[in-house]
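Asker: below: sequence and its predicted model.
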Amino acid sequence: MSGTTTEVLSAGDRWTGVGLRAFYFLFYGAVGVYVMFFAPYLRGLGFTGTDIGTVTVLGPFVGIAGTMAWTALADRRNSTSRVLRWCTVAALVPLVYLPFATSPAEVTLANVLHQVSAGACVPLIDALTYEWVTRHGRAYTRVRMWGAVGGLVVVQVVGLLLSARGDRPGDVAMPIALASIIAMMSLLAWLLPDAPPRDQPPNLRDWAGLARNRALQLFLLVCFLHWLCYAPYDLLYGVHLRELGLSSSLLALVLVGGSVSEAVMLYLFPILHRRLDVRPLLVVTIVLMAARWWLLAQAHGIVPIALLQVVHGAVTAMFWGIMVQAIGHIVPERLRTTGHGLFNAVVIGGGNTLGYWLAGIGYDHFGGTTTLFHIAAIGEALPLVLLLLVGARFNKPTSPEVSR
């Protein structure tokens, strides 16, 4: 990496960098609001654990097809920027109805239509960012770290808002806040300049070759099994903390340490990656997250829960950095957006679809979240054993990051 240099950015490129950072800020702010407050909001509407699982599981399921369609279109049209703009609009429109939806069927419909496009925003913006940092000698994770900052700031603001309104069950302020954040994100996408087109769009033979890529298949399988264990946290963490008696403002404060550690790890990841290959980093990630799930099931006070959130933020940031580096190495440039789409469809969409459904059923069966976190910890053994037995390296990418 010592041979990589940075360049002085033009005004347009500087604006693109600012816009990319702001997009991550808003998107992951919305994700934080969804993770922390959506399930408690549904509980406030009187939904059961199975209802919550059904509402949330169908979204990622349809998001799999939606993500692949949006990202394949971006590669085929050779215009990720323009596709991202329309994708954000399609993600926003269903949320306008969400404050008026009160039954499981209505909320499911709004969430499904939202997730058809929302899930594709991540691979689209990741592909744009990877291209931008590669052209200008910057580090992806140091752009992506603004998503962690957004998750911190936005969740704090929404948590304080809900607390100021008395933590009302099913408070309509929650879906209104979520829709407002996505609206600002969509406006920003339309203000981003077009990225330079690639030399040649992919054809069907290119996509068929990507589907047969053994290294990509193994990487996606390991990551899918790992992400499956995130489901109890992603779906029910807010419920878990509410059951421990924490208010909305405290729920938001719990995320402070996690968001700070995530931002710090994203900043430090280029340095860490210079010393360790993707495979050992992935092993460390899986082991640490297994310990995090097990200890979370035992924790009851605000202090241990907050400390575990610090671990969670750092490990999740490491996992995301690993993903971008692996995709950057394994997937050809002309299919880079599709590669990011595959990861999000298979790992995030597929893992959430199966995991949310199982977590919702498990919540009703076990009468709480504690056992689910124990199961998640044990489940991390599957990707770990697979990774160790196969011994794939997922070598460092040919266009490495620099410490900038």
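Answerer: Great, that's in hand. Please read these numbers as outputs of a predicted model, since none were measured by experiment. Residues are numbered from 1 along each chain as shown.
Asker: and the residue lying closest to residue 89 once chain neighbours are set aside, what element?
Answerer: In this structure, residue 89 finds its nearest non-sequential neighbour in residue 186, 5.6 Å apart by C-beta to C-beta, 6 or more residues apart in numbering. (C-beta placed from N, C-alpha, C; glycine too.) Counting by DSSP states H and E, the element that carries residue 186 is helix 173-191.
Asker: where does the stretch 101-250 of the chain have low pLDDT?
Answerer: Residue ranges of the stretch 101-250 of the chain with pLDDT under 70: 196-203, 247-250.
Asker: so where do the helices sit in it?
Answerer: 104-136, 140-164, 173-191, 204-211, 214-228, 231-243, 248-275 (DSSP state H, counting those that start in this stretch).
Asker: distance from the chain centre to the fourth one, please.
Answerer: The one in question is helix 204-211. 26 Å (C-alpha atoms, centre = their mean, to the nearest Å).
Asker: now do it: everything it contacts.
Answerer: 72, 216, 331-332, 334-335, 338-339, 342 (C-beta atoms under 8 Å, 6 or more residues apart in numbering).
Asker: relative to helix 214-228, how tilted is it?
Answerer: 60 degrees (axes from the mean of the first three to the mean of the last three C-alpha atoms, to 10 degrees).
Asker: please apply the same query to the third one.
Answerer: On the basis of the same axes, to 10 degrees, helix 173-191 is oriented at 150 degrees to helix 214-228.
Asker: swap in the last one?
Answerer: Using the same axes, to 10 degrees, the inter-axis angle of helix 248-275 relative to helix 214-228 is 150 degrees.
Asker: and the longest one, by the same measure?
Answerer: Relative orientation of helix 104-136 and helix 214-228, computed by the same axes, to 10 degrees: 130 degrees.
Asker: what packs against helix 104-136?
Answerer: Packing partners of helix 104-136 (3 or more C-beta pairs under 8 Å, 6 or more residues apart in numbering; DSSP states H and E): helix 11-33, helix 49-77, helix 80-92, helix 140-164, helix 302-330, helix 336-343.
Asker: return the most buried member of those helices.
Answerer: Most buried of the helices and strands packed on helix 104-136, by mean neighbour count (mean count of other C-beta atoms under 10 Å): helix 336-343, with a mean of 28.
Asker: how far away is the residue nearest to residue 89 from residue 91?
Answerer: Separation of residue 186 from residue 91 (C-beta to C-beta, to the nearest Å) stands at 7 Å.
Asker: ok, now residue 239?
Answerer: Using C-beta to C-beta, residue 239 is found at 25 Å from residue 91.
Asker: same deal with residue 318?
Answerer: Going from residue 318 to residue 91 by C-beta to C-beta gives 27 Å.
Asker: what's near enough to touch residue 240?
Answerer: Counting by C-beta under 8 Å, 6+ apart, residue 240 touches 368-369, 373.
Asker: avg pLDDT for stretch 19-38?
Answerer: Averaging pLDDT along stretch 19-38 yields 90.
Asker: what of stretch 50-70?
Answerer: Averaging pLDDT along stretch 50-70 gives 80.
Asker: let me have the helices of the stretch 101-250 of the chain in JSON lines, adding distance to residue 383 as columns.
Answerer: Listed next are those as JSON lines, based on distance: least, C-beta to C-beta, whole Å:
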{"stretch": "helix 104-136", "distance to residue 383": "21"}
{"stretch": "helix 140-164", "distance to residue 383": "22"}
{"stretch": "helix 173-191", "distance to residue 383": "31"}
{"stretch": "helix 204-211", "distance to residue 383": "21"}
{"stretch": "helix 214-228", "distance to residue 383": "4"}
{"stretch": "helix 231-243", "distance to residue 383": "14"}
{"stretch": "helix 248-275", "distance to residue 383": "20"}
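Asker: of all these, which lies closest to residue 363?
Answerer: For residue 363, the closest of the helices of the stretch 101-250 of the chain is helix 231-243, at 6.0 Å, according to C-beta to C-beta.
Asker: picking that back up, so which of the helices of the stretch 101-250 of the chain gets nearest residue 50?
Answerer: Comparing the helices of the stretch 101-250 of the chain against residue 50 with C-beta to C-beta, the closest turns out to be helix 104-136 (9.4 Å).
Asker: now the angle between helix 80-92 and that closest one, please.
Answerer: On the basis of the same axes, to 10 degrees, helix 104-136 is oriented at 160 degrees to helix 80-92.
Asker: helix 104-136 vs helix 140-164, what angle?
Answerer: Using the same axes, to 10 degrees, helix 104-136 lies at 150 degrees relative to helix 140-164.
Asker: which parts of helix 104-136 are buried?
Answerer: Residues 104, 107-134, 136 are the ones in helix 104-136 that count as buried (16 or more other C-beta atoms under 10 Å).
Asker: that older thread, tell me what the helix holding residue 186 is packed against?
Answerer: Here helix 173-191 touches helix 11-33, helix 80-92, helix 140-164, going by 3+ C-beta pairs under 8 Å, 6+ apart.
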